[in-house]
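Undergrad: Provided below are the primary sequence and the corresponding predicted coordinates.
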Amino acid sequence: MGKPIPELVKKIIKEAIAIQQIPSPTFEEAKRARYVKNRFVDENFSEVFIDSVNNVYARIKGGEKHPVVVSAHLDTVFDSSCDLSVRIEEDKIFGPGIGDNSLGVAFLLMMKHILQCMGERPEGDIILVANACEEGTGDLRGMKEAFARTIKENPIAYIVLEGSSGADCIYTRGVGSIRFKISAHGRGGHSWHDFGNSSAVHGLVKLAAVLTELSVTVEPRSTFNIGVITGGTSINTIAQTASLLLDLRSETCDWLDHMVQQVKQMIDKFSMDDITITTEKIGDRPSGMISVASPLISLCHSVFLETGFNDAKFKSGSTDANIPFSENVPAVCIGICDGQDVHKPSECLMTGSMDRAVEKVGKIVSRVWQMEKF
Ligand SMILES: [Zn+2]
């Protein structure tokens, strides 16, 4: 056994705050990526580099077996003007992005120390990835690139760490989404003199009404939302263009495809004099899942119980694990701690169970090669 865990918890928290202090909005992760790269070098990891989308890689050498990939996203939902001040109370840390996901990245940086505490030597290499573009419109671009690069080594599993997504949460289903910008184009003109000319706004709201009739399922859960409508220039102008943003979500690729087909048919059938409709796909996150009876999830569940996370729940969510899920490669996303007000400036990380969380993550990573036994 290595150093006692309380000392390591202090180091992890210090590291999480250092990471959180560097702004890292989606698509603007370069500065945080450089910091993480330098820290990976300090920690003596091998093969440290940054790829073209700001993913940072490092490797812990292990035995001869196939590697495991452990990742945490670098980006946050906060723009670069956000006040990143941190406030520490007894077992809480307040600060935008502290749990989501500076803590996850801090776990990557401290992985050697965590494994030392577990007293186990990995049976294969551990490939660490601090990846970009998990949030917002990032479209999982970081994980898509990291997956394409690492899958060549045939990893036994992908383990995604989320700092404040629930200490008891094991994500086994990836909610997929496809997003469209749908625009109407009309002739436009003066609202009095040109009355009768085609209006993009009138066309778009009629089409929007049709789209709200999309059929969805409860199991697998599927949803849709028209979140934004924009268009027109003034109250007395017949609009020439108008657009809406449509978000389709499902736990399965089949239903997602089915909803996309429905949308296409609705648009094809829609006809209004002198109105043209154009569609642009602005987001594509595949869905997928892993069976709760699979060896990887059985291992995770047993470690959660062993480390005192007795309320372990299997959840669905949109995380970096969607990418390996969608390719049927064993994967899981693990919540490290509990958080409050995640994605808000008032975000708070609950650190009370951090010592057990270190054990939980350390045991899952170090035992992943034995998962068939669970
Ligand atoms: Zn996150």
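TA: It's in.

Undergrad: and residue 289, its phi and psi?
TA: phi -160, psi 170 (degrees, to the nearest 10).

Undergrad: residues in contact with it?
TA: Contact analysis of residue 289 by C-beta atoms under 8 Å, 6 or more residues apart in numbering lists 172, 173, 174, 251, 252, 316, 325. Yep, even glycine has a C-beta here, placed from its N, CA and C like the rest.

Undergrad: repeat that with 10 Å
TA: 171-175, 220, 251-252, 314, 316, 321-322, 325-326, 328, 331 (C-beta atoms under 10 Å, 6 or more residues apart in numbering).

Undergrad: of those residues, grab the buried ones for PyMOL.
TA: Here is the PyMOL command that selects the buried residues among the contacts of residue 289 (16 or more other C-beta atoms under 10 Å):
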select buried, resi 171+172+173+174+175+220+251+252+314+321+322+325+326+331
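
Undergrad: among the contacts of residue 289, which ones are in strands?
TA: Per DSSP state E, strands hold the following members of the contacts of residue 289: 171, 172, 173, 174, 314, 316, 331.

Undergrad: in a markdown table, list those along with pLDDT and distance to residue 99.
TA: Conversion of the ones in strands among the contacts of residue 289 to a markdown table gives the following (pLDDT from 0 to 100; distance: C-beta to C-beta, whole Å):
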| residue | pLDDT | distance to residue 99 |
| --- | --- | --- |
| 171 | 98 | 15 |
| 172 | 97 | 21 |
| 173 | 95 | 22 |
| 174 | 95 | 20 |
| 314 | 97 | 21 |
| 316 | 94 | 20 |
| 331 | 98 | 21 |
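
Undergrad: just give me the closest of these to residue 112.
TA: Distances from residue 112 to the ones in strands among the contacts of residue 289, taken as C-beta to C-beta, are shortest for residue 331 (22.9 Å).

Undergrad: for that closest one, what are its contacts?
TA: So residue 331 contacts 69, 71, 147, 155, 157-160, 171-172, 174, 288-290, 294, 296-297, 319-325 (C-beta under 10 Å, 6+ apart).

Undergrad: one more time with 7 Å
TA: For residue 331, the residues meeting the contact criterion (C-beta atoms under 7 Å, 6 or more residues apart in numbering) are 157, 158, 160, 290, 321, 324, 325.

Undergrad: could you do residue 177 as well?
TA: Residue 177 touches 247, 248, 249, 283, 285, 318, counting by C-beta under 7 Å, 6+ apart.

Undergrad: which two in those residues are spaced the farthest apart?
TA: Going by C-beta to C-beta, the pair spanning the contacts of residue 177 furthest: 248 and 318, at 12.4 Å.

Undergrad: okay, those two: which has more neighbours?
TA: Legend: neighbour count by other C-beta atoms under 10 Å for residue 248 and residue 318, higher for residue 248 (24 against 19).

Undergrad: in a strand, the more buried one, correct?
TA: Yes. Judged by DSSP: H, G, I helix; E, B strand; the rest coil, residue 248 forms part of a strand.

Undergrad: how about the contacts of residue 331 in CSV, adding pLDDT?
TA: Converted to CSV, the contacts of residue 331 look like this (pLDDT from 0 to 100):
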residue, pLDDT
157, 98
158, 98
160, 98
290, 97
321, 97
324, 98
325, 96
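
Undergrad: can I get these in TSV with distance to residue 151?
TA: Below are the contacts of residue 331 laid out as TSV (distance: C-beta to C-beta, whole Å):
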residue	distance to residue 151
157	12
158	9
160	15
290	16
321	14
324	8
325	13
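
Undergrad: just the residues you listed now: which is nearest the ion?
TA: Closest to the ion out of the contacts of residue 331 is residue 160 (9.1 Å), distances taken as C-beta to the ion.

Undergrad: which residue packs closest to residue 284, ignoring adjacent ones?
TA: Excluding the flanking residues, the one nearest residue 284 by C-beta to C-beta, 6 or more residues apart in numbering is residue 178, at 5.5 Å.

Undergrad: same question, residue 301
TA: That would be residue 312: by C-beta to C-beta, 6+ apart, it lies 5.6 Å from residue 301.

Undergrad: ok, residue 296 next?
TA: residue 330 is the one closest to residue 296 (C-beta to C-beta, 6+ apart), at 4.6 Å.

Undergrad: quick one: the one you found and residue 155 touch, right?
TA: No. Between residue 330 and residue 155 there is no contact under C-beta atoms under 7 Å: 8.6 Å.

Undergrad: domains in this structure, by residue range?
TA: As given by automatic domain parsing, the domain ranges for the chain are 5-174+287-373, 176-285.

Undergrad: deepest of the ones you listed, which one?
TA: Sort the domains of the chain by mean neighbour count, taking mean count of other C-beta atoms under 10 Å, and domain 5-174+287-373 sits at the top with a mean of 20.

Undergrad: anything in it near the ion?
TA: Yes. Using C-beta under 5 Å from the ion, domain 5-174+287-373 reaches the ion at 100, 101, 162.
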